[in-house]
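Asker: just the structure for this:
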Amino acid sequence: MKKRALFLILSVVLLAGFGAYNTWFRTYYEVAGTFYAMGGIPVEVKAYSISRSRFKPIFNHVREEFDSLEQEMSLFRAGSHLNQINRDAYNRAVPVKPDTWTVLNLARLVYRQSDGYFDPAVEPLLDLWKTDSRENILPTTKDLARIRNHIGMDKVLQNEATHTVQFSVEGVRLDLGGIAKGYMCDRGIALMRQYGVKRGLIDAGGDIVLFDDRSNPEPFRIAVRSPDGHGVLETLKLTEGAIVTSGNYERYVVIKGHRYSHIINPVTGWPADHCRSVTVTGPSGAVADAWATAMAVRISDHLPLSGILPPGYRVVGSIVDHDHPDKDHPE
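Answerer: Coordinates of the predicted model:
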């Protein structure tokens, strides 16, 4: 009897242990992998409660999807679809691939909603600043005025019936860098869901998109850190959506000893230097990506952030860079 009682007690303990382990495993077990895209940006893919053998083809497919989309939308790949558009669209209507068409439509929407503070046709201004920075000179007022005649999404004509695009002014060029990374994360998450993953996350150099489709989802805890590396601005608890941070703390150029942001204000032609960091959260990685850029520019123009974001999106952290006082425009 004693042996039987001991056996029953051990059985109950083991069953309880297996139950607790199974609950922990289903909730917390994580598999992850990292690849590099878009010129060396680390892209981390995480999935939960699946085996490593099942994760491997999912990870590979996400990596291939990023590479395919980069081949469409990157300015830094000589034969990319976007470079073909920029080369030919003034002379003829150019057919646009489906993913690029979707991104152009999203970019145009944010361009309108943000009053032009997000402009995917700002590339000529970006190129001017890059060229002058290599010579350690600032663009002149005359150069900025000249180049601004060649920017603006209003000069990019899209034909919905034929899915073609044409530029109304010579010299217009598109740069989708402010929205494409978020879109790639969205597509990667869509692939993970197609494979049946119930909980996952993609982090592409600070553009984070995540989901938990289980019947009892558990929020991810995402810390929005200060750009100087000290402290946390806010901790978000999300079961689905995107978190995107933009600012001048990582990418910039130095001209005559002064640091200038890589984000250019399409309204003034000057870098968005006053925004050290701004974070936007919302349902879509692509849209949050574009709005993070727009908000960085608005902060640098000392404009309010409230009342402009579409429903479902919000600013969760921003820091003004007081080390960049207003600069006189060059003569």
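
Asker: switch to C-alpha atoms for all contacts and neighbour counts from now on
Answerer: Noted.

Asker: now M73, nearest residue through space, not along the chain?
Answerer: Nearest residue to M73, sequence neighbours excluded (C-alpha to C-alpha, 6 or more residues apart in numbering): L82, at 5.1 Å.

Asker: tell me the buried residues in whichever strand or helix holds I85?
Answerer: Using DSSP states H and E, I85 falls within helix 81-88. Residues of helix 81-88 classed as buried by neighbour count (16 or more other C-alpha atoms under 10 Å): 81-83, 85-86.

Asker: okay, the residues you listed in JSON lines with pLDDT next?
Answerer: What follows is the buried residues of helix 81-88, written out as JSON lines (pLDDT from 0 to 100):
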{"residue": "H81", "pLDDT": "97"}
{"residue": "L82", "pLDDT": "98"}
{"residue": "N83", "pLDDT": "97"}
{"residue": "I85", "pLDDT": "98"}
{"residue": "N86", "pLDDT": "97"}
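
Asker: if we can go back for a sec, how far off centre is the helix holding I85?
Answerer: Once both centres are worked out by C-alpha atoms, centre = their mean, to the nearest Å, helix 81-88 turns out to sit 22 Å from its chain's centre.

Asker: going forward, the N-terminal residue is numbered 337.
Answerer: In the new count, where the first residue is 337, that last one comes out as helix 417-424.

Asker: helices along the stretch 387-536 of the chain, start to end?
Answerer: 388-409, 417-424, 434-449, 459-470, 477-484, 516-530 (DSSP state H, counting those that start in this stretch).

Asker: right, so the ones you listed: which one is the most enclosed?
Answerer: helix 516-530 (a mean of 22; mean count of other C-alpha atoms under 10 Å).

Asker: does anything pack onto that one? Which helices or strands?
Answerer: Where contact means 3 or more C-alpha pairs under 8 Å, 6 or more residues apart in numbering; DSSP states H and E, helix 516-530 is packed against helix 388-409, strand 535-540, strand 543-548, helix 621-636.

Asker: can I get those in JSON lines with mean pLDDT and distance to T575?
Answerer: Formatted as JSON lines, the helices and strands packed on helix 516-530 follow (pLDDT from 0 to 100; distance: least, C-alpha to C-alpha, whole Å):
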{"stretch": "helix 388-409", "mean pLDDT": "97", "distance to T575": "21"}
{"stretch": "strand 535-540", "mean pLDDT": "97", "distance to T575": "9"}
{"stretch": "strand 543-548", "mean pLDDT": "97", "distance to T575": "5"}
{"stretch": "helix 621-636", "mean pLDDT": "93", "distance to T575": "14"}
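
Asker: what's the closest of these to V381?
Answerer: strand 535-540 (4.7 Å; C-alpha to C-alpha).

Asker: tell me the contacts of G518?
Answerer: 543-545, 580, 620-625 (C-alpha atoms under 8 Å, 6 or more residues apart in numbering).

Asker: scratch that, G507
Answerer: So G507 contacts 426, 460, 486 (C-alpha under 8 Å, 6+ apart).

Asker: kindly report the same for M489.
Answerer: Per C-alpha under 8 Å, 6+ apart, neighbours of M489: 444, 447, 455-457.

Asker: ok, 6 Å please
Answerer: M489 is in contact with A457, counting by C-alpha atoms under 6 Å, 6 or more residues apart in numbering.

Asker: distance check, it against V508.
Answerer: M489 sits 9 Å away from V508, going by C-alpha to C-alpha, to the nearest Å.

Asker: what's the answer for L405, then?
Answerer: Taking C-alpha to C-alpha as the measure, L405 falls 22 Å from V508.

Asker: can you count the residues close to the nearest residue to D403 once chain neighbours are set aside?
Answerer: Computed as C-alpha to C-alpha, 6+ apart, the closest residue to D403 that is not its neighbour in sequence is A373, at 7.1 Å. A373 is flanked by 16 other residues according to other C-alpha atoms under 10 Å.

Asker: how far away is A373 from N419?
Answerer: Distance of A373 to N419, computed by C-alpha to C-alpha: 18 Å.

Asker: and what of T617?
Answerer: For T617, the distance to N419 equals 30 Å [C-alpha to C-alpha].

Asker: and stretch 496-511, what's buried?
Answerer: By neighbour count on 16+ other C-alpha under 10 Å, the buried set for stretch 496-511 is 500-503, 505, 507-511.

Asker: ends of that stretch, what's the gap?
Answerer: 20 Å.

Asker: also stretch 486-503?
Answerer: End-to-end for stretch 486-503, by C-alpha to C-alpha: 10 Å.

Asker: circling back: narrow the buried residues of stretch 496-511 to those in strands?
Answerer: Taking DSSP state E as the definition of strands, the buried residues of stretch 496-511 contribute 500-503.

Asker: can I assume Y372 sits in a strand?
Answerer: Yes: checked against DSSP: H, G, I helix; E, B strand; the rest coil, Y372 lies within a strand.

Asker: now it, nearest residue through space, not along the chain?
Answerer: What sits nearest to Y372 in space, not counting adjacent residues and going by C-alpha to C-alpha, 6+ apart, is P378, at 4.6 Å.

Asker: quick check: the one you found touching R399?
Answerer: No: using C-alpha atoms under 6 Å, P378 is not in contact with R399; the gap is 11.2 Å.
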